[in-house]
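Engineer: sequence first, predicted model second:
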Amino acid sequence: MLEATLRDRARRLLTASGRSDVPPFMVMDVMAAAARIEAAGGHVIHMEVGQPAAPAPKAAISAAHAALDGGRIDYTSALGTPSLRARIARHYRDSYGCAVDAERIVVTTGSSGAFILGFLTMFEPGDRVAVTVPGYPPYRHILTALGCEPVLIETSSETRHALTGEALLAAHRKSQLKGVLVGSPANPTGTMMSREALTSLISAAEGAGIRFISDEIYHGLDYAFAAVTAAELSPHALVINSFSKYFCMTGWRVGWMVVPEPLVRPVERLQQNLAISVPTLSQIAAEAAFEGREEMEEVKHGYQENRRILIEGLPQAGLNKFLPADGAFYLYADVSEFTSDSFEFAKQMLEQARVAATPGIDFDPVHGRRFIRFCYARSADEMREAVARIARWLG
């Protein structure tokens, strides 16, 4: 009896919290399965993870080397180094013609750290926050882990898979929303919001007292038209960005936020306690990365060529329905002609064709079983080979 009691007590001590019970980020599971195939000698074309194949800008790497050679790497201010914050503010002026005070810039541990800080600052447990589907899974999962309720709003081809003010307010009328988060260019669809659409959405949100968060991590990777920053449209919007995508610095884990002025100090207090500061070496490299824009534009041109290869090649391979790929480096393809289970489709494509892609169920629990996301951030030769492999597999 005593032994059984002790076992039961041990189980209770080791039981994970309810807030940790979030779904896995499925793309990481696909990566692990692909790694097992490669460990056994197979050659996989990676189109699953949204990670640039190109390295960080040479200037960033050189700056990091110089900093290491210089000796100590200390903590920085919780808000980030003053020089990096000023450089990011200058980026808004240079790229968007938008004046942003450097005091409103907060450097974060990638965009992931920004989501955590932003959600903790803006919302209370139980608050309902709207996100679109299809959409980036950690939006939902982080909100859930923090005790908030993600409210899924479906998008459609009629609005080019962008959220409209009408749809947002309809959801708000059903049950009050405290916030809304949108991304443009979007993951997984690659679709973008026009200036008019984004302006209208922000106006509708703020008019109803709904806090607005703009995920702009794929800015710079725009092909159909120039991306618009919410920082230009409202001083009340929280803007999140990162050096991961355009600047090819995923593993450096450094991003930033443009924070409404009254929220800067609350964000700072949270950062002080949760992280102290963002890794100093990454901040040094990130500041130098802005000097590598010409290099990064060449990488972007490569994405444009890859986009062309897929848009022209996948229909010939049998996948002829996909959403507009305005930006980022994703193509979201409808595979319902072949399956009603995108997870199984992705598994078989990996095992039989050696092409790794992410099932849509990761991004959309409503209709995701009909879709597959392809990332085209690798080489043009790999994209051509992927199309050929898929054509043979489906043929």
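Structural biologist: That came through, no problem. Computed from a predicted model, the values in this text were never measured in an experiment.

Engineer: any stretches of this structure with poor pLDDT?
Structural biologist: 1-2, 4, 6, 9-10 (pLDDT under 70).

Engineer: quick one: the strands in it?
Structural biologist: Ranges of strands within the chain are 45-46, 105-108, 128-133, 149-154, 179-183, 211-215, 238-242, 255-258, 330-334, 355-356, 358-359, 371-375, based on DSSP state E.

Engineer: which strands or helices does the second one pack on?
Structural biologist: With contacts taken as 3 or more Cβ pairs under 8 Å, 6 or more residues apart in numbering; DSSP states H and E, strand 105-108 sits against helix 82-96, helix 110-122, strand 255-258, helix 264-274. (Glycine included, C-beta is placed from N, CA and C.)

Engineer: which residues touch that strand?
Structural biologist: Residues from elsewhere that reach strand 105-108, judged by Cβ atoms under 8 Å, 6 or more residues apart in numbering: 79-81, 84-85, 88-89, 114, 117, 240, 254-259, 264, 267-268, 271, 278, 283, 286.

Engineer: paired strands for that strand, with orientation please.
Structural biologist: Sheet pairing of strand 105-108 (DSSP bridges) gives strand 255-258 (antiparallel).

Engineer: kindly check the end-to-end length of stretch 328-336 for me.
Structural biologist: Distance across stretch 328-336, first residue to last, is 24 Å (Cα to Cα, to the nearest Å).

Engineer: give the buried residues for it.
Structural biologist: Under the neighbour-count criterion of 16 or more other Cβ atoms under 10 Å, stretch 328-336 has A328, F329, Y330, L331, Y332, A333, D334, V335 buried.

Engineer: now H161: how far from F212?
Structural biologist: In this view, H161 and F212 are 19 Å apart by Cβ to Cβ, to the nearest Å.

Engineer: for K300, same thing?
Structural biologist: Taken as Cβ to Cβ, the span from K300 to F212 is 27 Å.

Engineer: now the helices for the protein?
Structural biologist: For the chain, the helices defined by DSSP state H occupy 2-13, 26-39, 58-69, 82-96, 110-122, 137-145, 165-174, 195-207, 230-233, 264-274, 280-289, 293-317, 342-348, 380-394.

Engineer: residues contacting stretch 61-79, please?
Structural biologist: Under the criterion Cβ under 8 Å, 6+ apart, residues 55, 85, 105-107, 264, 267-268, 271-272, 275-278, 280-281, 283-285, 287-288 lie in contact with stretch 61-79.

Engineer: find the residue closest to W252 in space, skipping its chain neighbours.
Structural biologist: S282 (4.4 Å; Cβ to Cβ, 6 or more residues apart in numbering).

Engineer: over to D334?
Structural biologist: Excluding its sequence neighbours, the residue lying closest to D334 (Cβ to Cβ, 6+ apart) is K321, at 3.8 Å.

Engineer: what does R369 give?
Structural biologist: Here the residue nearest R369, using Cβ to Cβ, 6+ apart, is S342, at 5.0 Å.

Engineer: which residues does A59 contact?
Structural biologist: Neighbouring residues of A59 by Cβ under 8 Å, 6+ apart: A288, A289, E291, G292.

Engineer: of the residues you listed, select the buried ones using a PyMOL command.
Structural biologist: Selection of buried members from the contacts of A59 for PyMOL, criterion 16+ other Cβ under 10 Å:
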select buried, resi 288+289+292
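
Engineer: which among the contacts of A59 gets closest to F25?
Structural biologist: The nearest member of the contacts of A59 to F25, counting by Cβ to Cβ, is A289 at 25.6 Å.
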